[in-house]
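Participant: quick check, what structure comes out for this input:
(one chain, ligands or ions: 1)
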Amino acid sequence: MPESSPLSPKFATLAVHAGAAPDPSTGARVTPIFQTTSFVFNDADHAASLFGLEAFGNIYTRITNPTEAVLEARIAALEGGTAALAVASGHAAQFLAFHTLLEPGDEFVAGRQLYGGSINQFNHSFKKFNWNVAWADATDPASFEKAVTPKTKAIFCESIANPGGIVIDLPAIAAVAKKAGVPFIVDNTLATPYLCQPKEHGADIVVHSLTKFIGGHGNSIGGVLVDCGTYDWLGSKHRYKTLVDPNESYNGLRLAETFGNFAYAIAARVMGLRDMGPAISPFNAFLILTGSETLPLRMARHCENALAVATWLEKHPKVVWVSYAGLPSSPYHGLQQKICPKGAGAVLTFGLKGGYDAGVKLVSSMMLFSHLANIGDVRSLIIHPASTTHRQLTDEQRAAAGAGPDVVRLSVGIEDKDDIIADLDQALANVE
Ligand SMILES: *Cc1c(COP(=O)(O)O)cnc(C)c1O
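Facilitator: Prediction:
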């Protein structure tokens, strides 16, 4: 779509068109895969202006690439942000999100109902940088306020929490971040912008694993961070050095001053991605871009199927409980209707009467479902977190993350819902 379009396109239109245009040199309608490491400069002055951040343009695919630029513009449009940065994985996005904000000795508060890998990243690898996480309870916004100290530089949570079927009260946690004067980062992987736009609920930064629903087909790892353009770096009582200090590697440029409401995305690119290097490949960006075009269709079907499965499981005699915010019986149903009214997503957990052994037996009895450690695929997926994704955590951490011994997690696909339920039915027949 031309930048100057008089249309004000809605979500499904943005999903197909935002950021993309026919290729000006070939007329190719679909965004080409720019499978190149480097880009030729017009002349020495052009090269100098690119390296000095005085002009936008491509130098080297570690930092920018035209296929990736379309993906970035697409996700920024879907999230209502000012700019985005696509990277190699969801974890790389989280790493660069914090790398741009934190100095050694800084703290951030995170709700502990998180993807297991994020708990590991924060507890272990981040400690090597002396970035210190303070854990709060994502279901209790007041616990975030209690964890804030003068060293706190950011607040982090998920919108729909993985794997527990919990919807988080984003506006209440945003209010804590505002009071503390720090940016609010939301991992919106499970909801996707189709179900929830965290910016509307007070987020300043959104991160995603593109590996999941946005790519949607289980074929590529990727991540993105989105700058909502809402945080006032120059007016902050905290000093975010990467954004506000003169940058020695760019002739003393102050990024927040020069780039205004997209300075954070620029900083994550020209410092974090430039120096740490977790670039996404153009080919993965292409596959994820193609996936993004059907996001609204897929999410609507994912949610419809997941609600049917949750409703069926809730009545099954071998199932003790079902955690899915789309169920009227869920304590998070009210929040779901407020935060993501179009649906509660495709990930749900349930508890088996038979505990740990029944969980292991169930996953090995599935025929249509695949037993693997992913979510957000068109295919239905199943895992027993206690024996796999959450294995490295302590019992207490597992319980807090909603991954006790009896818990089974489903990522409900877009197949026919009768077939999905029939597979669960035959597998549950094998379980004590
Ligand atoms: C998968 C996932 C991540 C990590 O993303 P990768 O692409 O696997 O690095 C982070 N957060 C959530 C909620 C996820 O589901």
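
Participant: and for whichever residue of the chain sits closest to the ligand, the neighbour number?
Facilitator: In the chain, the residue that lies nearest the ligand is residue 90 (2.2 Å; C-beta to the nearest ligand atom). Backbone N, C-alpha and C define where each C-beta goes, glycine included. Residue 90: 25 surrounding residues under other C-beta atoms under 10 Å.

Participant: which residues touch it?
Facilitator: Counting by C-beta atoms under 8 Å, 6 or more residues apart in numbering, residue 90 makes contact with 115, 187, 189, 207-212, 222-223.

Participant: need the residues of the stretch 301-432 of the chain near the ligand, please.
Facilitator: Contacts of the stretch 301-432 of the chain with the ligand, taken as C-beta under 6 Å from any ligand atom, map to residue 375.

Participant: what bits of the stretch 301-432 of the chain have low per-residue confidence?
Facilitator: 401 (pLDDT under 70).

Participant: helices along that one, start to end?
Facilitator: Ranges of helices in the stretch 301-432 of the chain, per DSSP state H, counting those that start in this stretch, are 333-339, 355-365, 395-400, 417-428.

Participant: the third one: how far from the chain's middle?
Facilitator: Relative to the centre of its chain, helix 395-400 is centred 23 Å away, using C-alpha atoms, centre = their mean, to the nearest Å.

Participant: for stretch 321-330, same thing?
Facilitator: On C-alpha atoms, centre = their mean, the centre of stretch 321-330 falls 23 Å from the chain's centre.

Participant: how about stretch 349-360?
Facilitator: With C-alpha atoms, centre = their mean as the basis, stretch 349-360 stands 28 Å off its chain's centre.

Participant: which residues does that stretch contact?
Facilitator: If you take C-beta under 8 Å, 6+ apart as the criterion, stretch 349-360 is touched by 163-165, 310, 313, 317-324, 361-362, 384-387, 402-410, 431-432.

Participant: about what we covered before: so what pLDDT did the residue of the chain closest to the ligand get?
Facilitator: What the model reports for residue 90 is a pLDDT of 98.

Participant: so where's the stretch 101-250 of the chain shaky on pLDDT?
Facilitator: For the stretch 101-250 of the chain (pLDDT under 70), the answer is 163-164.

Participant: and with 90 instead?
Facilitator: Under the criterion pLDDT under 90, the flagged ranges of the stretch 101-250 of the chain are 115-116, 162-165.

Participant: what about the closest residue to residue 249 other than its chain neighbours, neighbour count?
Facilitator: Nearest residue to residue 249 in three dimensions, chain neighbours excluded: residue 271, at 7.8 Å (C-beta to C-beta, 6 or more residues apart in numbering). If you count neighbours by other C-beta under 10 Å, residue 271 ends up with 19.

Participant: quick one: residue 271 and residue 100 touch, right?
Facilitator: Yes. Counting by C-beta atoms under 8 Å, residue 271 does reach residue 100; the two are 6.7 Å apart.

Participant: how much space between residue 336 and residue 208?
Facilitator: 20 Å (C-beta to C-beta, to the nearest Å).

Participant: of the two, which one has the most company?
Facilitator: residue 208 (30 against 25).

Participant: after the helix or strand harbouring the more buried one comes which helix or strand?
Facilitator: Element membership for residue 208, per DSSP states H and E: strand 205-209. Per DSSP H and E, the first helix or strand lying C-terminal to strand 205-209 is strand 223-227.

Participant: okay, buried residues for the next helix or strand after that next one please.
Facilitator: Toward the C-terminus, strand 223-227 is succeeded by helix 241-244 as the next helix or strand (DSSP H and E). Across helix 241-244, burial judged by 16 or more other C-beta atoms under 10 Å covers 242-244.

Participant: return helix 241-244 as CSV; C-alpha atoms alone will do.
Facilitator: Taking Å, rounded to 0.1, in the frame of the first residue of the first chain, the C-alpha atoms of helix 241-244 are listed here in CSV:
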residue,chain,number,x,y,z
LYS,A,241,22.2,5.7,28.7
THR,A,242,21.9,3.9,25.4
LEU,A,243,19.1,6.3,24.4
VAL,A,244,20.1,9.6,26.0
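
Participant: how far does the helix or strand that it is followed by sit from the chain's center?
Facilitator: Counting by DSSP H and E, the element after helix 241-244 in chain order, helix or strand, is helix 255-259. Centre-to-centre, helix 255-259 and its host chain are 26 Å apart (C-alpha atoms, centre = their mean).
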